[in-house]
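fold the stuff below for me.
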Amino acid sequence: MKIVVIGGTGLIGSKVVEQLKRQKHEAIAAAPGTGVNTITGEGLAEVMTGADVVVDVSNSPSFEEQAATDFFRTAGANITAAEIAAGIRHHVALSVVGTDRLQASGYFRAKLAQEQLIKASPVPYTLIHATQFFEFLRAIAQFSEVDGAIRLPPVQFQPMAAQDVASAVVDAAVSAPLNDTIEVGGPEIFTLDEPVRRLLALDRDPRKVIADPAAPYFGVAVSERTLVPEANARRGTTSLDWWLARNPAPQAQ
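Numbers count the residues shown, from 1 in each chain. Next comes the predicted model:
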């Protein structure tokens with residue numbers, strides 16, 4: 001199959017393209033750097049010519065609500081129009097576990113708007129809700145620093161490796177559309193502070209990680225199960241220990 005991967009040069013997209021090519025599919029990385037711009041529409045018609053499936057793993061460059069909403073609505077409208085013109089048979093999109101439970105966040109309101117556009121499109125779809133990636137644990141620490149300490153709510157947290165996210169996206173892309181949402185998460189459940197504490201210890205980062213029930217998650221109050229999928233969700237196979245052993249802290253420049 002010919003499969004177009006919107007956001008195909010990013011963290012998840014590059015892994016999706018690689019896995020699809022290993023399965024002998026024609027996988028095309030579509031991104032501004034490859035001449036495809038979903039905001040202006042540049043290159044969309046050309047890249048979708050002859051394609052069977054479109055995978056969208058792109059993300060807004062801004063978490064601010066209006067900017068994110070404008071990005072998802074504009075990109076979504078342009079992608080849908082190009083898909084209809086090209087006769088695309090399946091649209092696969094990556095989103096976030098708990099999107100509907102994180103509506104106090106402007107960014108997640110924008111994500112929900114994106115999902116609603118996908119569901120309203122005549123193109124058959126599969127939505128994938130993934131939990132947070134191991135690769136963003138350091139970013140969580142940075143965002144959650146208060147007076148030199150990392151304060152995180154000790155709620156359930158089921159992070160997963162980007163490689164496992166990509167595998168779930170690939171499996172959906174080569175299968176029939178579900179016109180529904182599937183959830184994927186990591187193989188282990190922690191409290192949110194645990195993986196961050198372990199990562200900082202590995203990095204020899206002296207900042208203390210404090211389990212604070214009043215602390216927000218990216219500025220939003222969360223409850224015990226806001227960030228985890230349902231029990232029947234697909235689980236990745238990469239453990240946190242395995243990932244930590246192979247992902248040392250970035251070297252200072």
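
how about the strands in the chain?
Secondary structure of the chain, counting by DSSP state E: strands at 2-6, 26-30, 53-56, 90-96, 125-130, 145-146, 149-152, 156-157, 180-185, 190-191, 209-211, 234-235.

most packed of the ones you listed?
strand 53-56 (a mean of 28; mean count of other Cβ atoms under 10 Å). For the C-beta atoms, the positions are set from N, CA and C on the backbone; glycine is no exception.

sorry, back to before: tabulate the strands of the chain (TSV), appending distance to residue 226 and mean pLDDT.
Below are the strands of the chain laid out as TSV (distance: least, Cβ to Cβ, whole Å; pLDDT from 0 to 100):
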stretch	distance to residue 226	mean pLDDT
strand 2-6	28	98
strand 26-30	32	98
strand 53-56	24	98
strand 90-96	11	97
strand 125-130	13	98
strand 145-146	20	96
strand 149-152	13	98
strand 156-157	8	97
strand 180-185	13	97
strand 190-191	13	98
strand 209-211	16	97
strand 234-235	19	96
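
which stretch among the ones you listed comes nearest residue 82?
Nearest of these to residue 82, taken as Cβ to Cβ: strand 53-56 at 8.3 Å.

who's in contact with the closest one?
Strand 53-56 is contacted by residues 1-8, 13, 16, 48, 79, 83, 88-94, 123, 169, 173-174 when judged by Cβ atoms under 8 Å, 6 or more residues apart in numbering.

what strands flank that strand, and is each parallel or antiparallel?
Strand pairing for strand 53-56, determined by DSSP bridges: strand 2-6 (parallel), strand 90-96 (parallel).

before we move on, the earlier item: nearest to residue 227, of the strands of the chain?
strand 156-157 (5.5 Å).

so what does that closest one touch, helix or strand wise?
strand 190-191 (3 or more Cβ pairs under 8 Å, 6 or more residues apart in numbering; DSSP states H and E).

just checking, what packs against the strand it packs on?
Secondary-structure packing of strand 190-191 (3+ Cβ pairs under 8 Å, 6+ apart): strand 156-157.

partner strands of the strand it packs on, with direction?
strand 190-191 (antiparallel).

just the helices in this structure please.
For the chain, the helices defined by DSSP state H occupy 11-22, 44-48, 65-86, 106-120, 137-143, 162-173, 193-202, 240-246.

what's the most buried one of these?
Highest mean neighbour count of these: helix 162-173, a mean of 23 (counted as mean count of other Cβ under 10 Å).

and the average pLDDT for that helix is what?
Averaged over helix 162-173, pLDDT sits at 98.

what does it contact?
Contacts of helix 162-173 (Cβ under 8 Å, 6+ apart): 3, 11-12, 15-16, 18-20, 23, 53, 55, 57, 90, 92, 94, 126, 128, 130, 133-135, 178, 182, 184, 186, 234, 236-238.

quick revisit: dump the strands of the chain to JSON lines, plus distance to residue 243.
Compiled in JSON lines, these are given as follows (distance: least, Cβ to Cβ, whole Å):
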{"stretch": "strand 2-6", "distance to residue 243": "23"}
{"stretch": "strand 26-30", "distance to residue 243": "24"}
{"stretch": "strand 53-56", "distance to residue 243": "23"}
{"stretch": "strand 90-96", "distance to residue 243": "19"}
{"stretch": "strand 125-130", "distance to residue 243": "15"}
{"stretch": "strand 145-146", "distance to residue 243": "22"}
{"stretch": "strand 149-152", "distance to residue 243": "19"}
{"stretch": "strand 156-157", "distance to residue 243": "14"}
{"stretch": "strand 180-185", "distance to residue 243": "14"}
{"stretch": "strand 190-191", "distance to residue 243": "13"}
{"stretch": "strand 209-211", "distance to residue 243": "18"}
{"stretch": "strand 234-235", "distance to residue 243": "14"}
